[in-house]
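Novice: Make a model of this:
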Amino acid sequence: MARENQGLHAALIVFVVLTIFLAVSTFVFFSQAKDAKEQAAKYGKDAQTNQALATDKDKLMKEFMGMMGFAEGDSPETVRDKFAEDMQKFAPKDVDEQARVYREVLRRQDELIKLGNQSYAVEQAKTKKYEEDLVAVNQLADAKIAEFEKQAAEATKDKDRETLQFQQDRDRIEKAQEQLAGDLDQTRKDHQQELGLKDTDIAKLKQDVVALADVYAKAKGMVDDMRQEVPDQFQAQVRLVNQRGGIVWLDRGSDDGLRPQTKFSVFPSGSSNVSEVGKKANIEVTRVLNGHLAEARIVDDDPLNPIMVGDKLYSPLWNAGERRHFAVVGEIDLDNNGRDDLERLHTLIEMNGGVIDARMNAQGARAGQMSMNTRYLVLGEEYDPTATAEMREDYNRIRTQADQLKIETIPLGEFLELMGWNQRVKIARFGGGGYDQFPVEKDASPSVSTGTVSELFKPRKAPASSRSSAY
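Specialist: The predicted model follows:
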């Protein structure tokens, strides 16, 4: 009985052990199956996410290729080659290698376009200014042309009048000749002696024809001369003089286009042409008072030949109602100090209302050209052999051009003399001197007394007679 109970106990123990093992195995199996199912679900979800990302990435890549201008089927090698070609063609040469990308290239191109637009705007403004200047020049030219046409019409009338007179005289002479010839034929048979007298009359009439032809030639020469520019005449006159104040007043003002700092040469009142007499003084306009009155200071004059009311004024740089045009060639040294004063001369001409048609800088580069409007060619010293070949060739070329255009040439010294220019010398006014005007050379060694005392600083002693009387 006891042995059977032991077998039951053993069987029960085995059963319990098997049940526990089976339960544990079942739990472990179901746990692993649940984890596997969750893992599979996760992998499926990740696969869907990756598939969506792949689809979006492919879509973005296609959009990017389209935005960059590449075809959808272009290979990476093709894209790389086209990118290198675009960088070589469109990227500025000064862009760093790191910045050779489309965004940086587009930014630089945009900057260049903006700079180009700014330059274009500036050039447009210059073009507009040039057009306005051209309109003004055309208006002045039209006025000049109208004036010349009027003069030409008057000259034509004079020529026609002289031609008509000549024709009438010739007809009269021809009629007279015919009459004389008829009279000669009529009286030749009866009056042989009178025939000689008639021959004398015919010879005289022929001389008259020659004289009339000479008159006609002179008249034609006068007409031709009227078409040419008249010699320089005086442009203004002194109305009032203040010798004490060094001031004069002249009969030209704002209506005549006069400006301050314009310089004039002064000639005697009885002069009729600039070339006839020498000048007596120089003045410079300081104030334009009204339309036909201006104030000027006397730059230099001769006390023995002072400026008087009625004296004539002339300047090659100025003429009432117009701006005179000039050209300059050669070495310009205004004050004989060995330095180039070309720009200084340009400034003097422009300050006095003149216009420089053809100018040259110190390097020999010429800007502008002379024309029929150019009044004077100012001649400086001819370039020495050390000057560039271009400057020496320009000197001869512009002089030849002036001869062809019939432009008057004037030496620099004569030009400065006529315009009333004087070299300015630094002076000290009475009572206004100072260290700047009269610098004193300082001695580096200290002053040392000689040990003697001037008589002016010694104690004074009373005379001997005064000392004796005091005692």
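
Novice: In this structure, spot the helix with the most residues.
Specialist: helix 102-187 (DSSP state H).

Novice: Could you pull up the mean pLDDT of that one?
Specialist: Confidence for helix 102-187, expressed as mean pLDDT, is 85.

Novice: Going forward, count from 34.
Specialist: Let's use 34 as the start, then, which means that last one is helix 135-220.

Novice: Residues contacting stretch 439-450, please?
Specialist: For stretch 439-450, contacts defined as CB atoms under 8 Å, 6 or more residues apart in numbering pick out 298, 312, 349, 360, 363, 365, 367, 378, 403, 407-414, 432, 434-435, 451. C-beta: built from backbone N, CA, C; applies to glycine.

Novice: PyMOL command for the buried members of the residues you listed?
Specialist: Only the buried entries of the contacts of stretch 439-450 go into this PyMOL selection, using 16 or more other CB atoms under 10 Å:
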select buried, resi 298+312+349+360+363+365+367+378+403+407+408+409+410+411+412+413+432+434+435+451
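
Novice: circling back to that earlier point, tell me which strands and helices the longest helix of the chain is in contact with?
Specialist: Helices and strands touching helix 135-220, by 3 or more CB pairs under 8 Å, 6 or more residues apart in numbering; DSSP states H and E, are helix 109-123, helix 225-260.

Novice: In terms of mean pLDDT, which of these ranks lowest?
Specialist: Note on the helices and strands packed on helix 135-220: helix 225-260 shows the lowest mean pLDDT, a mean of 62.

Novice: Look up how far Arg372 lies from Glu144.
Specialist: From Glu144 over to Arg372 the distance is 44 Å, taken as CB to CB, to the nearest Å.

Novice: Give me the subset of the contacts of stretch 439-450 lying in helices.
Specialist: Leu378, Arg432, Gln434, Ala435, Leu451.

Novice: could you give the angle of the longest helix of the chain to helix 109-123?
Specialist: Helix 135-220 runs at 40 degrees relative to helix 109-123, counting by axes from the mean of the first three to the mean of the last three CA atoms, to 10 degrees.

Novice: quick one: helix 135-220 to chain centroid distance?
Specialist: Centroid separation for helix 135-220 versus its chain: 26 Å, with CA atoms, centre = their mean, to the nearest Å.

Novice: Break this structure into its domains for me.
Specialist: What automatic domain parsing lists as the domains of the chain is 152-261, 267-348, 351-456.

Novice: Switch those over to CSV; also include distance to Gly77.
Specialist: Shown next, in CSV, are the domains of the chain (distance: least, CB to CB, whole Å):
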stretch, distance to Gly77
domain 152-261, 64
domain 267-348, 97
domain 351-456, 84
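
Novice: For Met101, which of those domains is the nearest?
Specialist: With CB to CB, the closest approach to Met101 among those belongs to domain 152-261: 30.2 Å.

Novice: how distant is the closest one from the center of its chain?
Specialist: Offset of domain 152-261 from its chain centre (CA atoms, centre = their mean): 45 Å.

Novice: can you tell me which residues contact Arg272?
Specialist: Residues in contact with Arg272 (CB under 8 Å, 6+ apart) are Trp282, Leu283, Asp284, Leu326, Val342.

Novice: Next, count neighbours for the first one.
Specialist: By other CB atoms under 10 Å, the residues close to Trp282 number 16.

Novice: From Val281, how far out is the closest residue in space to it that isn't next to it in sequence?
Specialist: Nearest residue to Trp282 in three dimensions, chain neighbours excluded: Leu273, at 4.3 Å (CB to CB, 6 or more residues apart in numbering). Noted for Leu273: a distance of 7 Å to Val281, by CB to CB.

Novice: In terms of neighbours, single out the busier of those two.
Specialist: Per other CB under 10 Å, whichever of Leu273 and Val281 has more neighbours is Val281, with 27 against 12.

Novice: Let me know whether the more buried one touches Val274 as I believe.
Specialist: Yes: the pair Val281 / Val274 is scored as a contact, 5.1 Å apart, by CB atoms under 8 Å.

Novice: picking that back up, in JSON lines: the contacts of Arg272, plus secondary structure.
Specialist: Shown next, in JSON lines, are the contacts of Arg272 (DSSP: H, G, I helix; E, B strand; the rest coil):
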{"residue": "Trp282", "secondary structure": "strand"}
{"residue": "Leu283", "secondary structure": "strand"}
{"residue": "Asp284", "secondary structure": "coil"}
{"residue": "Leu326", "secondary structure": "strand"}
{"residue": "Val342", "secondary structure": "coil"}
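
Novice: between the domains of the chain, which one is nearest to Gln65?
Specialist: Closest approach to Gln65 among the domains of the chain is made by domain 152-261 (79.8 Å; CB to CB).

Novice: Please identify which two of the contacts of Arg272 are farthest apart in space.
Specialist: Using CB to CB, those span at most 13.9 Å, a distance reached by Leu326 and Val342.

Novice: For the two, work out which one has more neighbours and name it.
Specialist: Each of Leu326 and Val342 has its neighbours counted (other CB under 10 Å); Leu326 has more, 18 against 12.

Novice: isn't the more buried one right up against Asp284?
Specialist: Yes: judged on CB under 8 Å, Leu326 makes contact with Asp284 at a distance of 6.8 Å.
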